[in-house]
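> pasting the structure only:
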Ligand SMILES: Nc1ncnc2c1ncn2[C@@H]1O[C@H](COP(=O)(O)OP(=O)(O)OP(=O)(O)O)[C@@H](O)[C@H]1O
Ligand SMILES: [Mg+2]
């Protein structure tokens, strides 16, 4: 239904998006994953026709959107990364304004406002000014506005950033419901692996303006099917120890994490004994050890050598 | 478009600072300037406040008595004689002159002091008074004879001025001239209606009427002037407020949402024009009504007067609307709201000064006057003042066309400046 071809965006001499090929089928829910500055928002802005690609094309049902932005605007609902609302207006007044510019009128508009308020669970606070809302409530209204005109495609740019876990799981459930029950096509951007993992059929991973991996989560994880992750909590955290471990050819990656380090090793390599040897040699006390199957977080780490949020 | 207007009004109405700038501040300034400058202010552009000495060699009561005796000699029915006497007593010229000088409009400019001839000459020499109005002996008697019975040559008021051609001199000359013209007019009518003296109460009213028109032609009150001056100045702020709102819309990405809804950016720019225009109209309406209720600034009730005011206000509002969309265009173009601070902090004050919001621009060098007349507020102020002075519609038409011209040009510039986003397609 929607596809991009070698999409590229240059800001002055910075290449924010660098030749992206991506597609979405009707009814799919797609995750776009990447760290800060990866180029996710820029990609979304191009797809939604707000900025023009430097080169490349975007096609909706085979027709170029770059040449005719009106095509995509009609079917699109966009939840921007920022709270794009009038703070001095109430939620109801915001919805009414945006509904009217989408040419909704009278009873139909009231019905839709009622229904999206219900969906985001803010029926009771609709008369309050947006500026008096909590961050989570603002996020929910931000989403509600995008749903008002019942778009076929919903694009969400980090809709859960900076909010409490309760609001977050509420939003996730809502998006899943929209996708599964109403057949809405969803493009969901995030740097939270868990969200994308829970929500999306297929995932694109972006870094430095490029798509570095894509596929279903199983496909992505199979990249790491020959590896396992060992988490070691230690006291104190010794840089020298990690350096020594890194020189070991059989250890693929060593990363410092919160309470210790994270090691990626070939499956079945049984490195635990030699790791304990080293910790003892460096006089480091091991407080906890955990061997894990890989997560998408690990996939990202594997691909880029960095964590998603640093 | 209506939804944009509604949204802009809602947002503005929730911003106390902006409301204060649009309504409270101009209103306070109207009160302060209107009262403080009352009396030393007139359309003659310099504060006129002169004293005129009245020297009377006439004895009004004796003159009347003598006139009555002449009436008794006439061959007329007794009741007609009585009514003629009654009318004459009411229209004794000296009383009329005193009444005329005592009207609000005149007494704002002219203070009269009755004095003897020698006192008056001394005072004129010492420049304590600007002119001497001398009523010759038998003024009342001779005037009445001329007016009602058409006997004799009448009597001339004598005017002595200190400096021929000075503003003071010409004002008092004007006043006296139109007064005597009215007396003659009065006598002309009484001649035409000879024998029907009951009706001569009519011309007396006309005399009063003429005096009022005269006052209207030369005087608008300080309160009226500053109500207009402050209103047109503070109306300019609406433009920068609406453009600042556009900056917020851009920054908070609501602008993107509007574009995504399929609205063209041209429609967006037009919405700014409409919102600014409408808000200025509401603002002017509130200021004029408030000022009328509290200070009785405009007590005209004629529909034509208010239609004229409405038309001028509408054209001014449209002009400021065009500035609103120009500022919006610049704001979005340079992606910064600084232009709005420059406009509200600097340009507005300069416009207000040049346009005559603080004092009439006739006091400024003519180069600056020309510029002032091309500011939206200056042009509107000029049109309002002329209209309030009772000028004909044809007299203000060129100023109104100027306002339309400014609006069209500024709006076209705003369309050129507006960033040509792809969203225009
Ligand atoms: N208008 C712009 N002008 C110049 N550079 C820009 C502009 N917009 C984005 N960039 C740059 O492009 C790169 C990609 O930005 P983008 O906002 O797309 O990242 P993102 O993946 O959405 O990041 P985040 O997770 O922080 O939202 C960044 O380096 C950013 O600085
Ligand atoms: Mg982003």
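Received, thanks. Computed from a predicted structure; not experimentally measured. Ligands and ions are numbered 1, 2, ... in the order given.

> got a pLDDT number for the nearest residue to residue B:411 once chain neighbours are set aside?
Take residue B:411 and drop its neighbours on the chain: the residue closest to it by Cβ to Cβ, 6 or more residues apart in numbering or on different chains is residue B:322, 4.0 Å away. C-beta coordinates here come from the backbone N, C-alpha and C atoms, glycine included. In this model, residue B:322 is scored at 96, pLDDT.

> and the gap between residue B:322 and residue B:124?
To residue B:124, residue B:322 is 54 Å away according to Cβ to Cβ, to the nearest Å.

> so where does the closest residue to ligand 2 within the stretch 101-250 of chain B fall, helix or strand?
Closest to ligand 2 within the stretch 101-250 of chain B is residue B:250: 17.2 Å, counting by Cβ to the ion. Residue B:250 is part of helix B:222-251 when elements are defined by DSSP states H and E.

> anything in the next helix-or-strand element following that helix sitting right up against ligand 1?
Proceeding N to C from helix B:222-251, the next assigned helix or strand is helix B:254-260, under DSSP H and E. No: using Cβ under 6 Å from any ligand atom, helix B:254-260 stays clear of ligand 1, coming no nearer than 12.2 Å.

> pLDDT wise, what is residue B:30 at?
87.

> what helix or strand is it on?
helix B:25-36.

> which secondary structure elements does that helix contact?
When contacts are defined as 3 or more Cβ pairs under 8 Å, 6 or more residues apart in numbering or on different chains; DSSP states H and E, helix B:25-36 packs onto helix B:222-251, helix B:265-295.

> Could you confirm whether the longest one reaches chain A?
No: applying Cβ under 8 Å from any Cβ of the partner chain, one finds helix B:265-295 separated from chain A by no less than 9.2 Å.

> any low-confidence regions in the stretch 101-250 of chain A?
Applying pLDDT under 70 to the stretch 101-250 of chain A picks out residues A:224-225.

> Would you map out the domains in the chain?
Since you didn't name a chain, this refers to chain A. Here the domain parsing of chain A from automatic domain parsing is A:2-220, A:226-293.

> Chain B is the one I meant
Using automatic domain parsing, the domain parsing of chain B gives B:2-42+B:220-423, B:50-212.

> Quick one: the strands in chain A, in order.
Here chain A has its strands, by DSSP state E, at A:2-11, A:14-24, A:29-33, A:55-60, A:63-64, A:76-79, A:153-157, A:185-190, A:202-207, A:210-215, A:227-235, A:253-256, A:260-266, A:285-292.

> tell me the most buried of these?
Most buried of these, by mean neighbour count (mean count of other Cβ atoms under 10 Å in any protein chain shown): strand A:29-33, with a mean of 26.

> Are there helices or strands packed against that one, and which ones?
Applying 3+ Cβ pairs under 8 Å, 6+ apart, one finds that strand A:29-33 contacts helix A:40-47, helix A:165-181, strand A:185-190, helix A:193-199, strand A:202-207.

> Within its sheet, name the partner strands of it and how each one runs.
strand A:185-190 (parallel), strand A:202-207 (parallel) (DSSP bridges).

> closest to ligand 2 out of these?
When the strands paired with strand A:29-33 are compared by Cβ to the ion, strand A:185-190 sits nearest ligand 2, at 6.9 Å.

> Identify the residues contacting the residue of chain A found nearest ligand 2.
The nearest approach of chain A to ligand 2 comes at residue A:41, 3.0 Å away (Cβ to the ion). Residue A:41 makes contact with A:81, A:157, A:189, according to Cβ atoms under 8 Å, 6 or more residues apart in numbering or on different chains.
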